[in-house]
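A.B. asks: no FASTA, just this:
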C-alpha cells in the first residue's frame with residue numbers, strides 16, 4: 001500500500017509582505033522607529049494639506065450641484081493613495097482611509113482658522129511636512145545599515161501602511 005505524501009501548500013508572498021520585510025530589514029533602530037511613528041503620519045498630513053490647498057477650478061455644474069466644496073486636488077490625491085494601497089492590501093487601505101478621514105477633518109479645521117485670520121493652511125502644512133521630512137531623514141541616519149535614496153522613497157510611499165501593519169499584527173488582524 002502506498003502512502004500519500006503530505007504536501008504542504010505555501011502561500012505565495014504578496015508584494016506588500018515583500019515591501020514590509022525590506023522595510024523591517026532596513027529600519028531596525030528603536031529610536032528611529034519612534035521617529036517614524038510620530039513623523040511619518042505628520043509628513044503624510046503635511047503633503048495632503050499642501051495638495052488640498054492647490055486652487056481647484058470652480059466648474060459651474062459643480063457649484064449648481066453643491067459639490068464644489070467636496071472636490072479639490074486633495075480628493076484626487078486621496079483617491080490615488082487609496083487605490084494604490086488597496087492594490088497592496090485591502091484591509092490596510094481601510095485603516096489608511098480612516099486616517100485620511102481624521103486628517104481631512106484637521107485640514108478643514110485649519111481652513112476655518114485661516115478664515116478667522118490665522119495662518120495660511122498651505123504654510124502650516126508645508127512647515128509640518130518639512131519638519132517631518134527632516135526628522136525622518138535624520139532618523140534614517142541612525143540606522144547601522146546605509147539606506148539608499150530609493151529605499152527611503154519606498155519607505156515614504158509604503159510607510160503609512162507599514163505603520164498600520166504593526167497595529168494589525170499586534171491585534172492579530174489579518175491584512
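C.D. replies: In hand now; what should we look at? Just so you know, these numbers come straight off a predicted model, no measurement behind them.
A.B. asks: so where's the protein shaky on pLDDT?
C.D. replies: The chain contains residues with pLDDT under 70 at 1-10, 67-69.
A.B. asks: so where's the longest helix in it?
C.D. replies: For the chain, the longest helix by residue count, based on DSSP state H, is helix 90-115.
A.B. asks: ok now that one, how far from the chain's centre?
C.D. replies: Counting by Cα atoms, centre = their mean, to the nearest Å, helix 90-115 is centred 11 Å from the centre of its parent chain.
A.B. asks: Can you name the element that comes right after that helix?
C.D. replies: As assigned by DSSP states H and E, the chain's next helix or strand after helix 90-115 is helix 121-140.
A.B. asks: if we can go back for a sec, the longest helix of the chain packs against which elements?
C.D. replies: helix 30-52, helix 73-88, helix 121-140, helix 149-170 (3 or more Cβ pairs under 8 Å, 6 or more residues apart in numbering; DSSP states H and E). Bear in mind the C-beta positions are built from the backbone N, C-alpha and C, glycine included.
A.B. asks: which residues are in contact with the last one?
C.D. replies: Helix 149-170 is touched from outside by 16, 19-20, 22-23, 26-27, 36-37, 40-41, 43-44, 84-85, 88-89, 91-93, 95-96, 99, 136-137, 140, 147, 174-175, with contacts defined as Cβ atoms under 8 Å, 6 or more residues apart in numbering.
A.B. asks: same thing but 6 Å
C.D. replies: 19, 20, 23, 26, 40, 44, 85, 92, 95, 96, 140, 175 (Cβ atoms under 6 Å, 6 or more residues apart in numbering).
A.B. asks: Turn those residues into JSON lines, including neighbour count.
C.D. replies: Below are the contacts of helix 149-170 laid out as JSON lines (neighbours: other Cβ atoms under 10 Å):
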{"residue": "19", "neighbour count": "20"}
{"residue": "20", "neighbour count": "21"}
{"residue": "23", "neighbour count": "19"}
{"residue": "26", "neighbour count": "17"}
{"residue": "40", "neighbour count": "20"}
{"residue": "44", "neighbour count": "22"}
{"residue": "85", "neighbour count": "23"}
{"residue": "92", "neighbour count": "23"}
{"residue": "95", "neighbour count": "20"}
{"residue": "96", "neighbour count": "22"}
{"residue": "140", "neighbour count": "20"}
{"residue": "175", "neighbour count": "20"}
